[in-house]
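# here you go, sequence then predicted model.
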Amino acid sequence: MSTFTEPAPTSTALLLLGRGSDAASEKGVDCPGELPAASDPDLIERARAAKEALGDRLFILGHHYQRDEVIQFADVTGDSFKLAQQAAARPDAEFIVFCGVHFMAESADILTGDQQTVILPDLAAGCSMADMATRQQVDECWDTLTDLGLTEDVVPVTYMNSSAAIKAFVGEHGGLVCTSSNAQRALEWAYEQGRKVLFLPDQHLGRNTAVRELGFELSDCVTYNPHKPGGGLTDEELRDARMILWRGHCSVHGRFTLDSVNEVRDRVPGVNVLVHPECKHEVVSAADLVGSTEYIIKALEAAPAGSAWAIGTELNLVRRLAHQHPDKQVMFLDKTICYCSTMNRIDLPHLVWSLEELVAGRVPNPITVDADTARHSKVALDRMLALP
Ligand code: SF4
């Protein structure tokens, strides 16, 4: 079977986020410590030694989109939901080192005990999608809906990929959190509570689930732009819509296009196109299969030898799948590189630095959600966990 073909480099793939930016933002701030050089040949040995020294006091979580150099040290790998559950299932671990992004570490902090500390090896590892919905913007949107007399009818639902402040808003207003695996069940629950949903912050997951899984028309959905008065919508549009989609998106999955799907179908007859539901509706509609990262991993495991797959999700995961399934032809759906730039902020030097700080008795980059926000967020997370 052919080997994995690396996509071409692109100047926009690794967006320069982070360093020195807003501390209140998912984009984070500078790393406060002295990082070891990336060229240090002893990094792997240093990580191993620090991990061994910390023993059971330490639990390392690794998101599927992390680099291989980091994933090799993870005690558990998974998507954001599985990792949050795993963090909660380890009450004896004093330190949870979360190799993922900021909102995931927040969820882990909410779900773990007070005696545990969640650590993000680089505070600049945020999520551009989570940054697209701030609490102030969402409060303003709710005020607009209140002025129109609609809020009695509206149930807010937020994707896991949102800040704790947004999860708290949803908890306070009778809504729940969802993941890409349970978005359909979460929306069905929401429509049992009210006539409309305000879906935050990923318009694509909301639209794809409403149209593909719930049988809505595209015209049942409107997109609320937080940068325009009234979301850029008329009162009538807001009144008529069944689904009010927040105008947010994933900068990684948003890059896949219908052209990429058509091109790979022309080039590789019989190819299976498998994409994440954070992709645009036209891409999802043209794909053969759609699902979360866990779904994508299982689909590849179940695929017959010799089958061909073009996968539309983050490049680190697709490359790992290609190496794990040498008997199948695994391709990246886009022609150019498409990493999650913020996930990639966590590298081996940051991991080594965090672990060695812990060994030295210092706690680097703890992620702490304030008690009020955590309480309301947990209401929204618990409603999700209680879904049938
Ligand atoms: S892949 Fe997209 S949604 Fe996931 S962390 Fe990166 S920017 Fe956020």
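The structure has been received and is ready for your questions. Numbers count the residues shown, from 1 in each chain.
# which outside residues touch the longest helix that the chain contains?
Longest helix in the chain, counting residues (DSSP state H): helix 371-385. With contacts defined as Cβ atoms under 8 Å, 6 or more residues apart in numbering, helix 371-385 is touched by 84, 106-107, 109-111, 158, 164-165, 167-172, 175-179, 182, 186, 189, 369. Heads up, the C-betas are built off the backbone N, CA and C, glycines and all.
# how about the worst-scoring helix or strand of the chain on mean pLDDT and the ligand, any contact?
Least confident helix or strand, the chain: helix 80-88 with a mean of 86, by mean pLDDT, DSSP states H and E. No - with Cβ under 6 Å from any ligand atom as the criterion, the ligand is not reached by helix 80-88; the gap is at least 8.0 Å.
# returning to what we had before: which of the contacts of helix 371-385 fall within helices?
Going by DSSP H, the helices hold 84, 106-107, 109-111, 164-165, 167-172, 186, 189 from those.
# any buried residues in the least confident helix or strand of the chain, and which?
Across helix 80-88, burial judged by 16 or more other Cβ atoms under 10 Å covers Ser80, Phe81, Lys82, Leu83, Ala84, Gln86, Ala87, Ala88.
# looking at the residues you listed, which is nearest Gly312?
Using Cβ to Cβ, Ser80 is the member of the buried residues of helix 80-88 that sits closest to Gly312, with 18.3 Å.
# ok, the closest one touching Tyr65?
No - using Cβ atoms under 8 Å, Ser80 makes no contact with Tyr65, being 9.9 Å away.
# so the residue in the stretch 151-300 of the chain that the ligand sits nearest to: helix, strand or coil?
Closest contact between the stretch 151-300 of the chain and the ligand, by Cβ to the nearest ligand atom, is at Cys250 (3.3 Å). Following DSSP: H, G, I helix; E, B strand; the rest coil, the label given to Cys250 is coil.
# for it, give me phi and psi.
phi -90, psi 130 (degrees, to the nearest 10).
# what sits closest to it if chain neighbours are left out?
In space, and not counting its chain neighbours, Cys250 is closest to Glu278: 4.4 Å by Cβ to Cβ, 6 or more residues apart in numbering.
# and Phe169, by the same measure?
Using Cβ to Cβ, 6+ apart, the closest residue to Phe169 is Val138 (5.4 Å).
# let me know the pLDDT of the one you found.
The model reports Val138 with a pLDDT of 98.
# chain center to stretch 256-274: distance?
Once both centres are worked out by Cα atoms, centre = their mean, to the nearest Å, stretch 256-274 turns out to sit 25 Å from its chain's centre.
# dump that stretch to CSV, restricted to CA.
What follows is stretch 256-274, C-alpha atoms only, in CSV (Å, rounded to 0.1, in the frame of the first residue of the first chain):
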residue,chain,number,x,y,z
PHE,A,256,-11.4,21.9,3.7
THR,A,257,-13.4,22.7,0.6
LEU,A,258,-15.7,21.0,-1.9
ASP,A,259,-12.9,21.3,-4.4
SER,A,260,-10.7,19.1,-2.2
VAL,A,261,-13.4,16.4,-2.1
ASN,A,262,-14.0,16.5,-5.9
GLU,A,263,-10.3,16.5,-6.6
VAL,A,264,-9.6,13.4,-4.5
ARG,A,265,-12.6,11.6,-6.0
ASP,A,266,-11.2,12.2,-9.5
ARG,A,267,-7.7,11.1,-8.5
VAL,A,268,-8.6,8.0,-6.4
PRO,A,269,-11.6,6.1,-7.7
GLY,A,270,-13.5,4.4,-4.9
VAL,A,271,-12.0,6.6,-2.2
ASN,A,272,-14.0,7.0,1.0
VAL,A,273,-14.2,10.6,2.1
LEU,A,274,-14.5,10.9,5.9
